[in-house]
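Sequence and predicted structure are below.
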Amino acid sequence: AKSETSIGLSWSAPRQESVIKYELLFREGDRGREVGRTFDPTTAFVVEDLKPNTEYAFRLAARSPQGLGAFTAVVRQRTLQAKPSAPPQDVKCTSLRSTAILILLEALEKWTEYRVTAVAYTEVGPGPESSPVVVRTDEDVPSAPPRKVEAEALNATAIRVLWRSPTPGRQHGQIRGYQVHYVRMEGAEARGPPRIKDIMLADAQEMV
């Protein structure tokens with residue numbers, strides 16, 4: 001069972017084992033911070049307070065008096081979509097000609113798919129809904145930096161830089177690559193302009 005903010009898990013209890021607790025680990029997508037839940041023996045558990053329309057990865061292990069057993073393979077499930085919490089803002093209409101108007105919806109989310117329908121009203125009430133038109137707003141620059149940037153020395157002349165992609169909700173498009181800026185430091189002062197290295201791989205997460 002699942003809803004916009006919860007996912008229900010079920011399983012069969014291990015055979016010939018005395019289970020005293022279950023340990024559940026889950027995370028948002030592949031790169032979120034893993035969260036743990038511990039609960040008494042059962043064969044079903046509902047994880048709540050999740051984000052709508054978001055995929056989560058789950059792993060489960062049983063604990064016996066002898067210790068914690070192996071975790072299961074990862075199970076993935078997505079929460080249901082939720083209804084928008086507010087109507088579109090700044091709706092504007094302009095007459096194009098005697099038989100047409102232009103409707104402009106502003107303050108929408110960047111790089112987001114919208115489903116648009118129209119309904120005609122008279123004093124009697126609404127008519128049938130039109131066929132939906134699906135349109136996506138344009139891409140924009142990410143509004144958040146890459147996460148978990150780390151640097152480690154490999155040897156006397158090389159440094160490895162590691163990072164994670166920006167938060168999905170703030171990417172505003174398809175990530176096509178990264179730029180790594182680096183500059184030589186002497187004490188607390190930079191020496192010369194920063195150098196820039198382009199990594200034109202959308203899934204790149206390290207550079208040497």
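That came in fine, so what should we check first?

domains for the protein, by residue range?
Per automatic domain parsing, the domain ranges recorded for the chain read 7-78, 89-136, 147-207.

Please indicate which of those has the most neighbours on average?
domain 7-78 (a mean of 13; mean count of other CB atoms under 10 Å). Every residue, glycine included, has its C-beta placed from N, CA and C.

Ends of it, what's the gap?
Its first and final residues considered, domain 7-78 spans 8 Å by CA to CA, to the nearest Å.

Mean pLDDT added to the domains of the chain, as TSV?
Output for the domains of the chain, formatted as TSV (pLDDT from 0 to 100):
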stretch	mean pLDDT
domain 7-78	92
domain 89-136	85
domain 147-207	87
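
Can you pull up the most central residue in the chain?
The centroid of the chain falls nearest to residue 168 when counting by CA atoms, centre = their mean (4.2 Å).

Bridged to the closest residue to residue 20 other than its chain neighbours, which residues?
Residue nearest to residue 20 in three dimensions, not counting chain neighbours: residue 63, with 5.7 Å by CB to CB, 6 or more residues apart in numbering. Listed by DSSP bridges, the beta-bridge partners for residue 63 are residue 21, residue 68.

and residue 63, what is it in contact with?
Residues in contact with residue 63 (CB atoms under 8 Å, 6 or more residues apart in numbering) are 19, 20, 21, 22, 23, 69.

quick check, residue 58 in a strand?
Yes - secondary structure of residue 58 (DSSP: H, G, I helix; E, B strand; the rest coil): part of a strand.

Pairing partners for it in the sheet, please.
Note on residue 58: beta-bridge partners by DSSP bridges are residue 26, residue 75.

dump the residue contacts of it.
7, 9, 24, 25, 26, 47, 74, 75, 76, 77.

so can I have a markdown table of these showing distance to residue 34?
A markdown table is the format used below for those (distance: CB to CB, whole Å):
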| residue | distance to residue 34 |
| --- | --- |
| 7 | 15 |
| 9 | 16 |
| 24 | 10 |
| 25 | 5 |
| 26 | 7 |
| 47 | 13 |
| 74 | 11 |
| 75 | 14 |
| 76 | 14 |
| 77 | 16 |
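
Kindly tell me how buried the spatially closest residue to residue 166 that is not a sequence neighbour is, as a neighbour count.
Take residue 166 and drop its neighbours on the chain: the residue closest to it by CB to CB, 6+ apart is residue 144, 4.4 Å away. Residue 144 has 13 neighbours, counted by other CB atoms under 10 Å.

Please look at residue 144 and residue 167 and confirm they touch.
Yes - counting by CB atoms under 8 Å, residue 144 does reach residue 167; the two are 5.2 Å apart.

gap between the residue nearest to the residue nearest to the centre of the chain when sequence neighbours are not counted and residue 181?
Distances taken as CB to CB, 6+ apart place residue 29 nearest to residue 168, at 7.0 Å, with adjacent residues excluded. Distance, residue 29 to residue 181, using CB to CB, to the nearest Å: 27 Å.

Identify, from the contacts of residue 63, the entry nearest to residue 156.
Ranked by distance to residue 156 (CB to CB), the contacts of residue 63 are led by residue 23 at 43.7 Å.
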